[in-house]
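> 3D, please:
(one chain, ligands or ions: 1)
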Amino acid sequence: MHVVRTIEELRAARAKMREPAFVPTMGNLHAGHLALVRIARERTSSVAASIFVNRLQFAPQEDFERYPRTFANDCALLEAEGVDVLFAPDERVLYPEPQAFVVDPSPLANQLEGQFRPRFFHGVATVVLKLFSCVQPSIAVFGKKDYQQLHIVRGMARQFNLPIEIIAAETVREADGLAMSSRNAYLSPDERAEAPRLYRLLDAVRAGRETAAGARSALDAAGWKTDYLELRRQSDLAPPLDGDRNLVALAAARLGATRLIDNVELQLG
Ligand code: PAF
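Residues are numbered from 1 along each chain as shown. Model prediction:
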């Protein structure tokens, strides 16, 4: 695996790749990320990944500084998965000057996650566009765990006519159902034991055993602080209308100091 730190090095490495697939990450990799790499690998003969903790998508009070940075281990994992090129720029490479031009994915960016993390998707969309422009992939793989992010990246690729196929990968879960996430590392042992309740309740909504409002109350009653637990349409994440069948139940809730997100797709009727 060729680790490149600058855009010039990346361009030279990119020139030797044919129609690469790309997996952008913020590092601290787990099995969910590696599943994205495997999907990329199945689709093309050359795979690029990136590791960059993007300050632009963190609010000042959020966990940018303490976000786990595990670069050596991440490199070993990516290499074992057969990644060809790893782009690992530092901030001076990706943001050599204050980023004046920012992608604004409103109105969706102001709903669900965006209601609680107001500039989050502006930061995500901006860095993803920059990474796309540096790597110039043919395919990019994003996890459904970040469902709204996936939707926004798809919309950005479509509306900016980016010649990149966006592939969605299923959420990878621990044996007890908890969606894999770098932030799971913040959970205490007691919180870790409690954390699968989020998926259990979403799954109960999917199976029709629980309403979204009921699931939200059950989470709060168990000591969580729920930001949202809502049904939306899969196609555009708008609130469902009568007759909509393909829905997704999305949730974000705090367990102690850790904010977890998850979602499940469901089909009515
Ligand atoms: O999902 C993530 O890890 C990040 O939001 C991404 C897409 C790498 C952009 O920083």
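
> all strands of the stretch 101-250 of the chain, in order?
In the stretch 101-250 of the chain, the strands defined using DSSP state E, counting those that start in this stretch lie at 139-143, 165-169, 225-233, 246-255.

> in its sheet, what does the second one sit against?
Partner strands and pairing direction for strand 165-169 (DSSP bridges) are strand 139-143 (parallel).

> close to the ligand, is the strand it pairs with?
No. Using C-beta under 6 Å from any ligand atom, strand 139-143 never reaches the ligand; the gap is at least 6.7 Å. Every C-beta, even on glycine, is put in place using the N, C-alpha and C of the backbone.

> will you turn the strands of the stretch 101-250 of the chain into JSON lines that also has mean neighbour count and mean pLDDT?
Converted to JSON lines, those look like this (neighbours: other C-beta atoms under 10 Å; pLDDT from 0 to 100):
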{"stretch": "strand 139-143", "mean neighbour count": "23", "mean pLDDT": "98"}
{"stretch": "strand 165-169", "mean neighbour count": "17", "mean pLDDT": "98"}
{"stretch": "strand 225-233", "mean neighbour count": "18", "mean pLDDT": "98"}
{"stretch": "strand 246-255", "mean neighbour count": "21", "mean pLDDT": "98"}
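
> what distance do you get for the one residue in the stretch 51-200 of the chain that gets nearest to the ligand to K225?
Relative to the ligand, the nearest point of the stretch 51-200 of the chain is N54 (4.0 Å; C-beta to the nearest ligand atom). As judged by C-beta to C-beta, to the nearest Å, N54 and K225 stand 26 Å apart.

> CSV for the strands of the stretch 101-250 of the chain, including distance to E19?
Output for those, formatted as CSV (distance: least, C-beta to C-beta, whole Å):
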stretch, distance to E19
strand 139-143, 8
strand 165-169, 10
strand 225-233, 32
strand 246-255, 30
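
> could you pull out the helices in this protein for me?
Per DSSP state H, the chain carries helices over the ranges 7-14, 31-43, 71-80, 91-94, 113-116, 120-135, 147-159, 189-194, 197-206, 212-221.

> packing partners for the fifth one?
Contacting helix 113-116 under the criterion 3 or more C-beta pairs under 8 Å, 6 or more residues apart in numbering; DSSP states H and E are the following elements: helix 120-135, helix 147-159, strand 225-233.

> count the residues that sit near A80.
A80 is flanked by 11 other residues according to other C-beta atoms under 10 Å.

> from here on, count from 30
Done: numbering now begins at 30, and the last item shifts to A109.

> check contacts around A286.
By C-beta atoms under 8 Å, 6 or more residues apart in numbering, the contact list for A286 reads Y215.

> picking that back up, include distance to L276 and mean pLDDT when you put the helices of the chain into JSON lines, please.
Shown next, in JSON lines, are the helices of the chain (distance: least, C-beta to C-beta, whole Å; pLDDT from 0 to 100):
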{"stretch": "helix 36-43", "distance to L276": "39", "mean pLDDT": "98"}
{"stretch": "helix 60-72", "distance to L276": "23", "mean pLDDT": "98"}
{"stretch": "helix 100-109", "distance to L276": "34", "mean pLDDT": "98"}
{"stretch": "helix 120-123", "distance to L276": "36", "mean pLDDT": "98"}
{"stretch": "helix 142-145", "distance to L276": "17", "mean pLDDT": "97"}
{"stretch": "helix 149-164", "distance to L276": "21", "mean pLDDT": "98"}
{"stretch": "helix 176-188", "distance to L276": "12", "mean pLDDT": "98"}
{"stretch": "helix 218-223", "distance to L276": "26", "mean pLDDT": "98"}
{"stretch": "helix 226-235", "distance to L276": "9", "mean pLDDT": "98"}
{"stretch": "helix 241-250", "distance to L276": "10", "mean pLDDT": "98"}
